[in-house]
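Novice: The sequence isn't on hand, but the structure is:
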């Protein structure tokens, strides 16, 4: 949830109980005022009725005024709410006052009533008007709060936009706009300091990696060439040849690891790779042709279903590396007389192959240096590189084992179809 929305939601949630309390208090306050006015009217009616009796006039208007003789002398008055059945057999609420008076030597009980129907209707109307007013008031305040918050946080979102577009490979310092809010300026200064520090550390690390890889590559190449020359010597016995062959293979593996790590370090920066619209089907066919001998050795059946018009906007070398790693994996981890199915349709590429059931979760295959087999040829970085290339070009990749087939599926979010 966005910060501005969260602030607005918190404001709304905190406002609602406050306005509920206000509206409830308002309801009882209005009810008390109206009840007070009704009681005042009842007292006036009661006093007027007593005066009418003193003047010898007949007073009785049931159910609004009822006068009756009382057998004892009582003083005082009391108010209460009562319900009286009307002519329509419906209960009607009344507010009444009961008072007593001694007139002409006789004791009278005087009951005066006022119907509360109008009062209840008025209260209900006032309450609904209050509710609507409060709802409108909350909505207006919510919108005002959102607009004001958006204006206040404008500089914050500018900072976020700059940070999202910022790259550690940038040459210049990140420049933030000056804000009128002191805290935002302080935040920008902190970001600027950390960005500069991170950029310098990144450059140092990048230079170190490049220099280290270069320095490692040179002695590896020299040692390989010397070992190859030594292998051609006629004075070596079988044991020495075996040792030299093992050393050469491990040296080759070290060279591959070094190149793979160097590539992984570069894959974090798309700007280092030029892109073009490349035909995916054509690249797949070239790779299948390249691995033809390995496919024939295992007698693997390759089934191709390729849409020749689909293109991907990628770097040529990276597309080749990505597809080569996937296809070589499908060959290496296949079984004798196995099968490889490659389907390219719409924006999806699916490569499936027969093979042994995986020992762990298939998503582990993307982890660096993870290996299912104990093969000395595998360095455990092939699928890690594939995953990195996919992330670089916003390609979704999944790996699964379905119906005794290892299945890698790629969804190209940016594909181009040739006309």
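Specialist: That came through fine. Quantities reported herein were computed from a predicted structural model and do not represent experimental measurements.
Novice: which residues touch the lengthiest strand in the chain?
Specialist: Longest strand of the chain, by residue count under DSSP state E: strand 91-103. Taking contacts as C-beta atoms under 8 Å, 6 or more residues apart in numbering, the residues outside strand 91-103 that touch it are 35, 38-39, 42-43, 45-46, 50, 53-54, 63, 70, 73-86, 107-117, 119-120. C-beta here means a position set from N, CA and C on the backbone, and glycine is covered the same way.
Novice: Out of the residues you listed, which sit inside helices?
Specialist: Taking DSSP state H, the ones among the contacts of strand 91-103 that sit in helices are 35, 38-39, 42-43, 45-46, 50, 53-54, 117, 119-120.
Novice: Could you export the residues you listed to JSON lines, including columns for neighbour count, pLDDT and distance to residue 178?
Specialist: Formatted as JSON lines, these follow (neighbours: other C-beta atoms under 10 Å; pLDDT from 0 to 100; distance: C-beta to C-beta, whole Å):
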{"residue": "35", "neighbour count": "15", "pLDDT": "85", "distance to residue 178": "61"}
{"residue": "38", "neighbour count": "19", "pLDDT": "87", "distance to residue 178": "65"}
{"residue": "39", "neighbour count": "15", "pLDDT": "87", "distance to residue 178": "66"}
{"residue": "42", "neighbour count": "22", "pLDDT": "89", "distance to residue 178": "71"}
{"residue": "43", "neighbour count": "15", "pLDDT": "89", "distance to residue 178": "71"}
{"residue": "45", "neighbour count": "18", "pLDDT": "88", "distance to residue 178": "74"}
{"residue": "46", "neighbour count": "20", "pLDDT": "87", "distance to residue 178": "76"}
{"residue": "50", "neighbour count": "18", "pLDDT": "85", "distance to residue 178": "82"}
{"residue": "53", "neighbour count": "18", "pLDDT": "83", "distance to residue 178": "87"}
{"residue": "54", "neighbour count": "11", "pLDDT": "83", "distance to residue 178": "87"}
{"residue": "117", "neighbour count": "12", "pLDDT": "80", "distance to residue 178": "66"}
{"residue": "119", "neighbour count": "18", "pLDDT": "74", "distance to residue 178": "62"}
{"residue": "120", "neighbour count": "13", "pLDDT": "72", "distance to residue 178": "61"}
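Novice: May I see these arranged in a markdown table, with distance to residue 243 as well?
Specialist: Shown next, in a markdown table, are the ones in helices among the contacts of strand 91-103 (distance: C-beta to C-beta, whole Å):
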| residue | distance to residue 243 |
| --- | --- |
| 35 | 108 |
| 38 | 113 |
| 39 | 114 |
| 42 | 118 |
| 43 | 120 |
| 45 | 123 |
| 46 | 124 |
| 50 | 130 |
| 53 | 134 |
| 54 | 137 |
| 117 | 110 |
| 119 | 108 |
| 120 | 105 |
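Novice: if we can go back for a sec, so which bits of the longest strand of the chain are buried?
Specialist: 92, 94-101 (16 or more other C-beta atoms under 10 Å).
Novice: average pLDDT across that strand?
Specialist: What strand 91-103 shows for mean pLDDT is 86.
Novice: Can you list the strands that that strand pairs with?
Specialist: As defined by DSSP bridges, the strand partners of strand 91-103 come to strand 77-85 (antiparallel), strand 106-115 (antiparallel).
Novice: which one of the ones you listed is the most hemmed in?
Specialist: A comparison of the strands paired with strand 91-103 by mean neighbour count, using mean count of other C-beta atoms under 10 Å, puts strand 106-115 on top with a mean of 18.
Novice: element containing residue 157?
Specialist: Counting by DSSP states H and E, the element that carries residue 157 is helix 154-165.
Novice: which element follows that helix toward the C-terminus?
Specialist: Sequence-wise, the next helix or strand downstream of helix 154-165 (DSSP H and E) is helix 182-231.
Novice: and that following helix with helix 154-165, angle?
Specialist: Per axes from the mean of the first three to the mean of the last three C-alpha atoms, to 10 degrees, the angle that helix 182-231 makes with helix 154-165 is 0 degrees.
Novice: Helix 182-231 - what's its average pLDDT?
Specialist: In the prediction, helix 182-231 has an average pLDDT of 75.
Novice: Begin at 23 from now on, thanks
Specialist: Happy to do that; since the first residue is 23 now, the last one works out to helix 204-253.
Novice: packing partners for that helix?
Specialist: Using 3 or more C-beta pairs under 8 Å, 6 or more residues apart in numbering; DSSP states H and E, the elements in contact with helix 204-253 are helix 176-187, helix 260-288.
Novice: related to what we said a few turns ago, can you tell which of the strands paired with strand 113-125 is closest to residue 425?
Specialist: Closest of the strands paired with strand 113-125 to residue 425 is strand 99-107, at 77.0 Å (criterion: C-beta to C-beta).
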